[in-house]
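# The following comprises the amino acid sequence and a computationally predicted model.
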Amino acid sequence: MPKRHMEQQPISEWPEPVVAVQLIAESGISSIPERYVKPLEDRPALVYATCREPTVPVVDLGKLSVGSLDYSSELRSIADACAEWGIFHVANHGVDAELARAAMATWREFFHLPADEKQKLANSPATYEGYGSRLGVEEGAALDWGDYFFLHLLPCELKNLEKWPMQPSNCREVTEEYGRQMLKLCGALMKVLSMSLGLDVGFLQEKFGGEDNIGACIRVSFYPKCPQPELTLGLSAHSDPGGLTVLLPDDRVPGLQVRKGDTWVPVQPLPGAFLVFIGDQIQVLTNSAYRSVDHRVVVNEAAERISIAFFYNPRSDLPLGPARELVTPERPPLYPAMTFNEYRLYMRKKGPRGKSQVESLQAV
């Protein structure tokens, strides 16, 4: 394995037995175990039916074609979305709609396979590849009401096909093609974001180490029905530690909330669109001109929920700090340079903790 892609300080085992949340949910319990109950200040307000909060911006990639009359205004819209929200819907993205539906269907089917079949693919914190139910490896850590499947796509030496499901029969084929189309979309988004910063079209991609050196992975999240959704979260508040996240949400069951100021704003899925999240690495690179978004997932008493997140990350051993093009005497560098390998160890040890990592690094 090339040294530049090796993980630092790998942790090979979970500190305590991992119990699939789906098994707990399907056991017929009427109250959730104490380990899943959140502190009072972190519990969700389940307000989807009456929400009147601001709407997450929508970016139309079709308006960025050569010669489009909307080109300049759409670039400004992207810049505003990245600076003010850290998240936006992306429409006319070029990803095959039937492929997206097939990806959701095959992974929903996977999570309804017998428990012993899924357990054969159980993961460890060394690479996270496979079927799991927790993120942080600290003993006694609070747990979230959700299971997941994590897969590496790039770099190739991290991809472990032994952890890729053989069932459903089309799962590998669909996931591979979905990954290829997501890579193409993220490459286009990196160019658009670079231009929206007023910089060269290849600026962000170059800072990530070039197109041939990026990291890419997929996390499929499954949130079972929960008898007490007001007490827990499917995924605790966090910002994504990487570069970009492109989410295919469950358009049947909402659950995502993003922090806007002091308010948690429910995000309603937009049919046919993906959600794009700015990650911590772009916040660091842009010297906080573009900001990662703090987000969380609520769960539902009546319905399960599934989502597919595609993560697009910089070369893992490349020191990354604020780009000199975005540093001025009035706005000096806000963050120290750090490799992505070093940076993501924080979440892998502690689990999701809001934006505490990126904020703790910021120079006073």
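That came through, no problem.
# and residue 106, what does it touch?
168, 170-171, 174-175 (Cβ atoms under 8 Å, 6 or more residues apart in numbering). The C-beta positions use only the backbone N, C-alpha and C, and glycine is treated the same way.
# now these: which count as buried?
Buried residues within the contacts of residue 106, defined by neighbour count using 16 or more other Cβ atoms under 10 Å: 168, 171, 174-175.
# Restricted to helices, list the residues you listed.
The helices, defined by DSSP state H, take in 171, 174-175 from the buried ones among the contacts of residue 106.
# Let me see the contact set for the closest residue to residue 62 other than its chain neighbours.
Nearest non-adjacent residue to residue 62, counting by Cβ to Cβ, 6 or more residues apart in numbering: residue 92, 3.5 Å away. Counting by Cβ under 8 Å, 6+ apart, residue 92 touches 60-63.
# ok so, going back, now, which of the contacts of residue 106 sits nearest residue 338?
residue 175 (30.6 Å; Cβ to Cβ).
# pLDDT score for the closest one?
Looking at residue 175, its pLDDT reads 98.
# what do you get for residue 150?
At residue 150, pLDDT is 97.
# from now on call the first residue 48
Noted, 48 is the first residue going forward, which turns the last one into residue 197.
# now it, what's its secondary structure?
Under DSSP: H, G, I helix; E, B strand; the rest coil, the three-state class of residue 197 is strand.
# pLDDT weak spots in the stretch 298-411 of the chain?
The stretch 298-411 of the chain contains residues with pLDDT under 70 at 393-411.
# Can you say which two of the contacts of residue 153 are spatially most distant?
Counting by Cβ to Cβ, the most remote pair of the contacts of residue 153 is 215 and 222, 10.5 Å apart.
# re the thing from before, I'd like a version of the buried ones among the contacts of residue 153 in a markdown table, one that adds distance to residue 316 as further columns.
Output for those, formatted as a markdown table (distance: Cβ to Cβ, whole Å):
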| residue | distance to residue 316 |
| --- | --- |
| 215 | 23 |
| 218 | 23 |
| 221 | 20 |
| 222 | 21 |
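# re the thing from before, pick the one among the ones in helices among the buried ones among the contacts of residue 153 closest to residue 258.
Using Cβ to Cβ, these come closest to residue 258 at residue 222, 21.0 Å.
# about what we covered before: looking at the contacts of residue 153, spot the one nearest residue 303.
Nearest member of those to residue 303, counting by Cβ to Cβ, is residue 222, at 21.7 Å.
# Now do the phi/psi pair for residue 72.
phi -60, psi -40 (degrees, to the nearest 10).
# swap in residue 242?
As for residue 242, its main-chain torsions (degrees, to the nearest 10) stand at phi -70, psi -40.
# I figured it was touching residue 122, is that so?
Yes - using Cβ atoms under 8 Å, residue 242 is in contact with residue 122, at 6.1 Å.
# Which parts of the stretch 198-347 of the chain are strands?
All strands of the stretch 198-347 of the chain, identified by DSSP state E, counting those that start in this stretch, fall at 262-270, 282-285, 291-295, 303-307, 310-313, 321-325, 342-344.
# Does anything pack onto the longest one? Which helices or strands?
Other helices and strands packing on strand 262-270, by 3 or more Cβ pairs under 8 Å, 6 or more residues apart in numbering; DSSP states H and E, are helix 144-158, strand 194-201, helix 218-243, strand 352-360.
# In CSV, list these along with distance to residue 312.
Shown next, in CSV, are the helices and strands packed on strand 262-270 (distance: least, Cβ to Cβ, whole Å):
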stretch, distance to residue 312
helix 144-158, 24
strand 194-201, 24
helix 218-243, 22
strand 352-360, 17
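# which one of these lies closest to residue 135?
Across those, closest to residue 135 is helix 218-243 (Cβ to Cβ), at 10.0 Å.
# can you give me the offset of the closest one from its chain's centre?
On the basis of Cα atoms, centre = their mean, to the nearest Å, helix 218-243 sits 14 Å off its chain's mean C-alpha point.
# Report the buried residues of it.
Those would be 218-219, 221-222, 225-226, 228-230, 232-233, 236-243, for helix 218-243 by 16+ other Cβ under 10 Å.
# Rebuild the contacts of residue 139 as a markdown table, extending it with pLDDT, secondary structure and neighbour count.
Shown next, in a markdown table, are the contacts of residue 139 (pLDDT from 0 to 100; DSSP: H, G, I helix; E, B strand; the rest coil; neighbours: other Cβ atoms under 10 Å):
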| residue | pLDDT | secondary structure | neighbour count |
| --- | --- | --- | --- |
| 107 | 93 | strand | 17 |
| 108 | 92 | helix | 17 |
| 109 | 89 | helix | 13 |
| 110 | 89 | helix | 17 |
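# Identify the contacts common to residue 242 and residue 122.
What both residue 242 and residue 122 touch, as defined by Cβ under 8 Å, 6+ apart, is an empty set.
# Please enumerate the helices of the chain.
Going by DSSP H, the chain shows helices at 68-72, 118-131, 144-158, 162-166, 218-243, 250-254, 327-332, 387-397, 403-408.
# Those: which one's closest to residue 272?
helix 68-72 (5.6 Å).
# Counting by contacts, list what that closest one packs against.
Going by 3+ Cβ pairs under 8 Å, 6+ apart, helix 68-72 lies up against no helix or strand.
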